[in-house]
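J.: here is a sequence with its predicted model. Questions after.
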Amino acid sequence: MPRKYLILLVVTLVLIALDQWTKFAVVGELTTRFDGLETSGERLKAMYGEPPPLGMDGRHFRSKRSIDVSESFLRLRYEENPGAAWGMFRSLPPSTRGPLFHVVSIGAVLLIGYYFTKLSGTDPAEKWALWGLSLVLGGALGNYIDRIARGFVVDFIQAHWMDKAYWPSFNVADMAICVGVGLLILDAFVRKEHPAATART
């Protein structure tokens, strides 16, 4: 297997595993979804099976607590995002939102795959694109698993400023996507300065 595909496979699988593990842990610690369920099989079924109807708080899984990592800046708090990044399009009806996100997610995976095949895997100038595309793919698939399983993405990291200003809640997959996009932007500048290397690929 060429080195570039090995990097893509390992980064993607590690990110998916880390993303899903953190979401599983958050559901167990911060919601009542696993209350009374003793086996891992029961908890996995509760996590990835059909979710219960929306509760009074607007969530499928009832939140029971939050954890302040830094009282003034950061907390872990369970949130459900049926929309895109930062909650965009969450107001769309499920009959429209579901198919739209399936098309967008599959399209993104195909686009990432297409651009990844264009990389030679041997040019040092491509390293930012190589890692950036791998991070974006892993993050996109991590959130897509949530959408397939239950129709919403589990978010749990809430950055805030003294509880007066808030950044939309996010998760490990979102962080990977943001870092990956940042690397791709860096790649655009780096390889623009090395046209000869780009031409050889």
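T.: Looks like it came in fine. Numbers count the residues shown, from 1 in each chain.
J.: and Asp35, how many neighbours does it have?
T.: Asp35: 10 surrounding residues under other C-beta atoms under 10 Å. In this view, the C-beta of every residue, glycine as well, is placed from N, C-alpha and C.
J.: quick check, it in a helix?
T.: No: assessed with DSSP: H, G, I helix; E, B strand; the rest coil, Asp35 is coil; it does not lie in a helix.
J.: where's it relative to Leu13, distance?
T.: Going from Asp35 to Leu13 by C-beta to C-beta, to the nearest Å gives 31 Å.
J.: in stretch 130-150, what's buried?
T.: 130-147, 149-150 (16 or more other C-beta atoms under 10 Å).
J.: residue contacts, the residue nearest in space to the middle of the chain?
T.: In the chain, the C-alpha nearest the mean C-alpha coordinate belongs to Ala173, at 2.4 Å (C-alpha atoms, centre = their mean). Taking C-beta atoms under 8 Å, 6 or more residues apart in numbering, we find Ala173 in contact with Leu15, Asp19, Gly138, Gly139, Ala140, Gly142, Asn143, Val153.
J.: hey, where'd the strands end up in this protein?
T.: 67-70, 74-81, 153-161, 165-166 (DSSP state E).
J.: mind putting those strands into a markdown table with mean pLDDT and mean neighbour count?
T.: As requested, the strands of the chain are arranged in a markdown table below (pLDDT from 0 to 100; neighbours: other C-beta atoms under 10 Å):
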| stretch | mean pLDDT | mean neighbour count |
| --- | --- | --- |
| strand 67-70 | 95 | 11 |
| strand 74-81 | 96 | 20 |
| strand 153-161 | 95 | 20 |
| strand 165-166 | 92 | 9 |
